[in-house]
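Engineer: Structure for the following, please:
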Amino acid sequence: MRFLLLALLTWTVPTFGAEAFWPGWLGPNRDGWVGTFKAPKTWPAKLQTAWRIKVGEGYGTPLVIGDRVFQHARLGEKEVVWALDLKTGRKVWQTYFETPFKIGGGGEKHGKGPKANPAYANGRLFVMSIAGRLSALDAAEGKVLWRADYDSKFQPSHPRWGMCSSPVVDANRVIAHFGNDESGLLAAFDVRNGKEIWTQG
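Structural biologist: Below you'll find the predicted structure:
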């Protein structure tokens, strides 16, 4: 997928329970299961588009948390994190990162958009850029709380085709992979301040 078009499709039966919660890749338990979904007795011939918005290039899936949709994509030489109103598609906030990137290693046809999925936990949004930089944002306002990379160690901390590894949140830690074509490591950070807790590799 080179260009993302985020759309909300609806019908008369709600797809989620009272509180929508899809905080990362494959959902709350990373198994792709929506336990609160109630299938209608008869499916409509066609779903109705409630809203649609172009958000940029990339492969990351949107997150749904309560009444917000979060999306990480690329616009030009910047990566942007969007917060949108679930019902209307109205922009709540946008946060931009300057992310120049020269892609190689056979990844050229896939574009320079982020390839990792964002993750949400405890009011924070975690995104991994195609250049291998992990950022923590305040989900309410989009303010950058901290950033981490290992460019000084790996020069740079991403493969030539771009970083594809998605961050995972485990209690008070966010865990992510860093490295390039030759070597890498796993690192765990404190979700509150980005302090390194451990590394392996």
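
Engineer: if I look at the residue nearest to the spatial centre of the chain, how far off is G194?
Structural biologist: In the chain, the centroid-proximal residue (Cα atoms, centre = their mean) is P118; its distance is 2.1 Å. Counting by Cβ to Cβ, to the nearest Å, the gap from P118 to G194 is 16 Å. (Glycine included, C-beta is placed from N, CA and C.)

Engineer: for A39, same thing?
Structural biologist: 42 Å.

Engineer: And for N29?
Structural biologist: Going from N29 to G194 by Cβ to Cβ gives 26 Å.

Engineer: ok, those two, which is more surrounded?
Structural biologist: Set N29 next to G194 and count neighbours by other Cβ atoms under 10 Å: G194 wins out with 15 against 9.

Engineer: need the contact list for the more buried one.
Structural biologist: A136, L145, W146, R147, A148 (Cβ atoms under 8 Å, 6 or more residues apart in numbering).

Engineer: Let's see that with 6 Å instead.
Structural biologist: For G194, the contacting residues are W146, A148, by Cβ atoms under 6 Å, 6 or more residues apart in numbering.

Engineer: do the same with L26
Structural biologist: By Cβ under 6 Å, 6+ apart, the contact list for L26 reads G32.

Engineer: Assign it to helix, strand or coil.
Structural biologist: When classified by DSSP: H, G, I helix; E, B strand; the rest coil, L26 comes out as coil.

Engineer: For it, give me the backbone phi and psi.
Structural biologist: Here is the backbone geometry of L26 (degrees, to the nearest 10): phi 70, psi 20.

Engineer: Can you show me the helices along this structure?
Structural biologist: Remark: helices assigned in the chain by DSSP state H are 151-154.

Engineer: which regions of it sit below the pLDDT cut-off?
Structural biologist: For the chain, the stretches flagged by pLDDT under 70 are 1-19.

Engineer: switch to 50 and redo it
Structural biologist: Within the chain, the ranges that satisfy pLDDT under 50 run 1-2, 11-18.

Engineer: gap between stretch 109-127 and the chain center?
Structural biologist: Relative to the chain's own centre, stretch 109-127 is displaced by 2 Å; criterion: Cα atoms, centre = their mean, to the nearest Å.
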